[in-house]
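> Just need the structure, nothing else, for what follows:
(2 chains)
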Amino acid sequence: MSEVAKAQVVEESSAAVSKVAVLQQRAGAGVQAESPLHHVGLDHLALNVHQRGGVALREKKLLGHLVLRGNSANASLLKGIKKVLGVELPLAPLSCSAKGTTSIQWMGPDEWLILVEGGSEYGIELALREAIDGHISLVNVSGGQTVLELSGPDARKVLQKSTPYDVHPGSFPVGKCVSTVFAKTQVLLQRTGEDSYEMVVRRSFSDYMWLWLQDASAEYGLVIKA
Amino acid sequence: MSTVSSKKSASRKVAQSNRLTRGGRINRNKPLKFSYNGKTYEGFEGDTLASALLANGVDIIGRSFKYSRPRGIFAAGAEEPNAIMQLGATEATQIPNVRATQQELFDGLVSNSVNGWPNADTDLMSYIGKAGGKMMPPGFYYKTFMYPESMWMTYEKYIRKAAGLGRAPAEWDPDTYDKMNHHCDVLVVGAGPAGLMAALTAARAGARVIIADEQQEFGGSLLHSADTIGGLPAAEWVKGIVTELQRYEDVLLLSRATVNGYHDHNFLTIHERRTDHLTDRAPLNMSRQRMHKVRAEWVILATGAHERPLVYANNDVPGNMLASAVSTYIRRYGVVPGNKLVLMTTNDDAYQTALDWKLAGRDVVAIVDTRANPTGALIEEARKLGIRLIPGSAVIDVEGGKRVHGAVCCSIDATGSKVTSGKEVLTCDTIASSGGWSPVVHLSCHTGSRPVWNDEIIGFVPGAAKEQRLCAGAVHGVYGLGKVLEDGVNAAQQAVAALKLNQPEVELPSTFEPVKSPAMALFYVPHVKPVSRAPKQFVDLQNDVTAGGIALATREGFESIEHVKRYTAMGFGTDQGKLGNINGMAIAAMTMGKTIAETGTTIFRPNYTPVTFGAVAGRDAGHLFDVKRFTAMHKWHVEQGAEFEDVGQWKRPWYYPKAGESMHDAVNRESKAVRDSVGILDASTLGKIDIQGPGAREFLNRIYTNAWAKLDVGKCRYGLMCHEDGMVFDDGVTSCLGDNHFLMTTTTGGAAGVMEWLELWHQTEWPELEVYFTSVTDHWSTLTISGPNSRKLLAELTSDIDLDKDTFKFMDWRAGTVAGVPARVFRISFTGELSYEINVQANYGLHVWEKLFEHGAKYNLTPYGTETMHVLRAEKGFIIVGQDTDGSVTPFDLNMGWAVGKNKPFSFLGQRGMQREDCVRDNRKQLVGLKCSDSSVVLPEGAQLVDNPKHPVPVPMLGHVTSSYYSPNLGHGVAMALIKGGLSRMGDKVYAPLRDGRVIEAEICSSVFLDPKGERQNV
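Numbering: from 1, shown residues only, chains lettered A, B, ... in the order given. Sure thing, here's the model as predicted:
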């Protein structure tokens, strides 16, 4: 079925769905997807190289990434999100809400990043479009970015080397997320635990991030986790 | 005379003749070897390079900047003007501009003096200095070497070599340097008594505190103080405070860390030397130096004061030193830098130096006090020790060349303005002088706050704060240990209150305050001769500025202190006027008959002391210098041996040379392969923006020059984007994915700018349009197959896209599966050939790319890079924004009026701009093709074009070549050019006169060289 036809099917299924083309983008079995840091071989490093140190890095790869834009005054948006994802749309600046493998991070007054289990993003997008009335935008960006988890007792120092944002616990409590400068690139940075952080990194910048993080962690020792 | 014990020690070890057997904060059980100017010496752990050199009796550590006079160590800290060293055991680890007084000694340290050729002891240049002193007054460089102007660069080279303050390493620095960001409630600058009390108070209040000090240990002046605090020796008290501060999680203590810059918004830079005290090269995985970038809520300056030397004749001869520096060397390092001391002072504080010298067992020849009737506790103590006191007098001149031999002492009048008696020569080898204290107001000045003169403390203090800045202690003229401690608490309490924290309990420790008599304000010691005739009386030792020079400057009409500074070089460079500025300003004021307050002061600039380039660069160097952006297929390109081109931060394959191929060969091969069969380009770097919403179509109408109302779902259209001025700034193809859904592509370099442009217009001008933009540049991999066989190739990899030429037409797009991966395929072309741009989620980009090659071999599928892309598009006359345009070119100038919608209901960006009078005149530069008369010639890009190359200069210019390549498909060069009125000059000959003398003749033609009817892309 051509995608044009697909879009029409979707449209016919509900008057609420706007006239957009939604494409199931995952390939079937037999085609290996390569995350932005695939070429680095993190799994190999994690399993085969003896490592010790105060900073740990893990790529949470191939998740479903959806960028949502909409008006938070639209009650249907809040309701639809809650209904489909089971979490509230975070309205407070720099906040996030999460449940299980689903999370929503605030990126701006009308912009959020929805992270879901890899492979579920197509169905979720359709369901959200079905559930929400009014003008929104949902864009699948799963191929364009990846999530890096940085943890360990020295992780904060690595962040301090990299971003001018104040990552002291007093200013950056668990659950807070910010879009900020990171070395010479930018990340969506979230504090996920006492000593752990997640960064959403754009694909084309991920190799630079990898080089930077290795360098900044060198004095503390870097452990790659699978 | 020297004690027996120190003499014995000297004779036994030979070296370290000035080292005491006891005392100081050095570890005599840890001897360290170091070299200075090729000779090996020994010092101890805890020494600075300066204290170790003095311990070894090294008098001369360099030659002066301008007059090449021998100079010795003068101070003990950051204010040292003379002992500027070149460090480094290897070429790669060379560091210039290090003050010996700030460099901790380590085993194997290699140092050299920076001034003095062939060496510091016998300097050939000094003959000029000595014989020609009068030949080099201030302004000498300007007066003598400026003419003829063309020779200035030549002169400068030799002057720099002759002067010089060290040199940069000629090899790659093997060490790394890094940066760290901090935020805090209170940054305390300086860990002397005021700073420690301030930090302690803020820390106890629970504030986030950073306290930084340039020295290896906290304590500041307390490290060499004879004082007791709370019944403890000062240094012991410091230990207790530091131990408490270390207990707080939110207190960061930075030693060996100089707060070098105080910038806007309470942003300060701290230069920490992490390993400079350990080895020549930093240990593995440790940065040598770190730049701390601090954003502070409140800043407390507790930078203390520098002692002010006195200005007298020949006060630069080695053996002349600051009084407090002499005390520091004795008490902190166990080094007495001479045998016979004459102390000259205007105040009570300096008496401590004579006491320390005497207690070290060496001879104090006399204390020369400029005050007629000095009284006070320290003075009594000196008398008790039997030290000769000469009141109402001054040392007006010095005897000696490479070391002081004698001090010429005369009595002076009560105001210190003239000599009143004949001289007595005091035989000595050391003259310590003290003119009082100058608060270290440098950092406050960095914020633009002008210092204010304070008669009471005889010094400048920081002006009104421009930031949330407080001062504590001597930096704003609070002297006396007890008062200083209290002042530190007060400053912190103000910050604590402003931060709305609870005031903590802080007890002030007891101190002993000796009774002191007032100091005398004396900035210039009179000589029997007037200023202009007296022997050199140095004000700024580093820049060789004398009292006579300053007087000359004011005589020549330089009355503003800023002009005096620039004319004489006083306070220039790395010195930043730490010792000399106040005396210099006072002398300028004196010669002009003004007060110091009226004369004012110059402003000190960042950095406070020199910072290495490494620390400024941090890790933004080498492979981390800038971001390198890669596509999902990058690994494949590397493995195929591609050469890469930088496009913005992207690394794009430029061409793929096979073994033995030149770039020209490779590009010719790639270009032909596309036109003959099929080629493939990684076009993933093109900017891609997903646009959704019912207002999307109207938004496109306004942002692009052409019309979008009737573009059907499944169709693509090329568009030009202009700024308000009507000038083209980006182009690309936008496809209609759904009625309310478009995918815009932009140029690779313009992607971010276009995204901002869309948001700007949506957010500020047309918020009523319901539309959202999301960047999907990184999300989609774009694989462009182009050439007559591209359909056949694609057909092998898809079963669900109907590729029939009549159903999937040029400028259509379809969704389906390619190589097992869901894809959108766009039939658009930048080569003029049958082309398909395959978009798949980037996680599958490499998979599809490799599958295409598996099937492409039989079609000779050839990867091509950006160079071939350029050749192919130039054959077709397709523009590249930014190459064929430069921000001054309208769509009509590009002969692309067809891309401007004339009947759009709402205006579009650029419409009015391109209708301006100047934009519609006939002879604007217009884009045309150029064909050389000699078909073997390829015009250089950028070549200027004229009608008549024989026209006398200036030749009227027609325009220039914007794009030019050799076309292997046509067998001749193809070029595009912007030429005045070019579109109406088809067939005319123009000429490109080149630098090498050649003149190339070319004919103006259509810019479409190949397939003018566009048939190849429609097959």
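> Could you use CA atoms for every contact and neighbour count after this?
Noted.
> Nearest residue to residue B:906 in space, ignoring adjacent ones along the chain?
residue B:702 (7.0 Å; C-alpha to C-alpha, 6 or more residues apart in numbering or on different chains).
> so what's that neighbour up against?
B:906, B:907, B:908, B:909 (C-alpha atoms under 8 Å, 6 or more residues apart in numbering or on different chains).
> quick one: contacts for the last one?
Contact partners of residue B:909, counting by C-alpha under 8 Å, 6+ apart, are B:702, B:703, B:704, B:705, B:721, B:722, B:723, B:724, B:726.
> Looks to me like the residue nearest to residue B:906 is in a helix.
Yes: under DSSP: H, G, I helix; E, B strand; the rest coil, residue B:702 falls within a helix.
> what about residue A:170, neighbour count?
9 (other C-alpha atoms under 10 Å in any protein chain shown).
> Quick check: it vs residue A:164, distance?
15 Å (C-alpha to C-alpha, to the nearest Å).
> And stretch B:592-606, how far out from the chain middle?
Relative to its chain's centre, stretch B:592-606 lies at 28 Å (C-alpha atoms, centre = their mean, to the nearest Å).
> which residues touch that stretch?
B:260-262, B:442-443, B:445-446, B:448, B:450-453, B:554, B:559-562, B:565, B:576-577, B:581-582, B:585-586, B:588-589.
> what's the burial count for the closest residue to residue B:477 other than its chain neighbours?
Counting by C-alpha to C-alpha, 6+ apart, residue B:477 lies nearest to residue B:457, which is 6.1 Å off, once chain neighbours are set aside. By other C-alpha under 10 Å, the residues close to residue B:457 number 20.
> same thing with residue B:316?
Counted with other C-alpha under 10 Å, the neighbours of residue B:316 add up to 30.
> isn't it right up against residue B:73?
No: counting by C-alpha atoms under 8 Å, residue B:316 stays clear of residue B:73, with 9.9 Å between them.
> residues touching residue 20, list them.
Since you didn't name a chain, this refers to chain A. Shown in contact with residue A:20 (C-alpha under 8 Å, 6+ apart): A:7, B:692, B:737, B:738, B:739, B:740, B:741.
> To clarify, I was referring to chain B.
Neighbouring residues of residue B:20 by C-alpha under 8 Å, 6+ apart: B:6, B:334, B:335, B:336, B:360.
> which of those has the most neighbours?
residue B:335 (31 neighbours).
> and the stretch 701-850 of chain B, which residues reach chain A?
Residues of the stretch 701-850 of chain B found near chain A (C-alpha under 8 Å from any C-alpha of the partner chain) are B:713-714, B:737-741, B:770-772, B:774, B:776-780, B:800-801, B:814-816, B:820-823, B:840-844, B:847.
> of the residues you listed, buried ones?
Among those, those buried by neighbour count (16 or more other C-alpha atoms under 10 Å in any protein chain shown) are B:713-714, B:737-741, B:770-772, B:774, B:776-780, B:801, B:814-816, B:820-823, B:840-844, B:847.
> In helices only, show me the residues of the stretch 701-850 of chain B next to chain A.
Among those, the residues falling in helices (DSSP state H) are residue B:847.
> who's in contact with the closest residue to chain A within the stretch 701-850 of chain B?
At 3.4 Å from chain A, residue B:779 is the closest residue in the stretch 701-850 of chain B, using C-alpha to the nearest C-alpha. Residues in contact with residue B:779 (C-alpha under 8 Å, 6+ apart) are A:141, A:142, A:143, A:144, A:145, A:203, B:841, B:842.
> what's the answer for residue A:151, then?
A:55, A:56, A:57, A:195, A:196, A:197.
> Ranking by neighbours, what's the top pick from these?
residue A:55 leads the contacts of residue A:151 on contacts (other C-alpha under 10 Å) with 27 neighbours.
> The spatially most central residue of chain B and chain A, how far apart?
Closest residue to the average C-alpha location of chain B: residue B:616 at 5.2 Å, with C-alpha atoms, centre = their mean. Separation of residue B:616 from chain A (C-alpha to the nearest C-alpha, to the nearest Å) stands at 14 Å.
> now for whichever strand or helix holds residue B:271, which elements pack on it?
Per DSSP states H and E, residue B:271 falls inside strand B:267-273. The helices and strands touching strand B:267-273, judged by 3 or more C-alpha pairs under 8 Å, 6 or more residues apart in numbering or on different chains; DSSP states H and E, are strand B:257-263, strand B:289-301.
> How far does stretch B:230-240 sit from its chain's centre?
40 Å.
> which outside residues touch that stretch?
By C-alpha under 8 Å, 6+ apart, stretch B:230-240 touches B:196, B:218-219, B:222-229, B:509-511.
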